[in-house]
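>>> here's my sequence, what's the structure:
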Amino acid sequence: MNDSALVLSLYTRTECHLCEEMLDGLKSWQSRFDFKVNIVDIVQVKSLIDRFVARIPILTMGDIDIYQYHLDE
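I've put the predicted structure just below:
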């Protein structure tokens, strides 16, 4: 992976089975595509809890929501 690889953010929290499933799916995509996943634990930041608690996991690219709950291959 090079320094200019695409960076996606996965908003998650501990003990979230959907979050684990999405991360596993992303790992398989990483073998085909050049991107990095920045994992963000929403519990660490109050404003993120307010924004994402009912929507996790959610995958974003910058300010754009890409997937919520499940990946759609």
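>>> what's next to the lowest-mean-pLDDT helix or strand in the chain, contact-wise?
Lowest on mean pLDDT, DSSP states H and E among the helices and strands of the chain sits helix 46-52, with a mean of 86. Applying CB atoms under 8 Å, 6 or more residues apart in numbering, the contact partners of helix 46-52 are 11, 40, 42-43, 58. Heads up, the C-betas are built off the backbone N, CA and C, glycines and all.
>>> now do the buried residues in the helix or strand following that helix.
As assigned by DSSP states H and E, the chain's next helix or strand after helix 46-52 is strand 58-61. Going by neighbour count (16 or more other CB atoms under 10 Å), the buried part of strand 58-61 is 58-60.
>>> centre of the chain to the least confident helix or strand of the chain, how far?
Centroid displacement of helix 46-52 relative to its chain, using CA atoms, centre = their mean, to the nearest Å, is 15 Å.
>>> neighbours around Arg13, how many?
17 (other CB atoms under 10 Å).
>>> for it, which residues are in contact?
By CB under 8 Å, 6+ apart, the contact set of Arg13 is 19, 41-43, 56.
>>> for these, which two are the farthest from each other?
Cys19 and Val43 (11.5 Å; CB to CB).
>>> more crowded one of these two?
Between Cys19 and Val43, counted using other CB under 10 Å, the more crowded position is Cys19 (21 against 12).
>>> on the three-state scheme, the one residue sitting closest to the centre of the chain is what?
Centroid-nearest residue in the chain: Leu10, 1.5 Å away (criterion: CA atoms, centre = their mean). Assigned with DSSP: H, G, I helix; E, B strand; the rest coil, Leu10 falls in the strand class.
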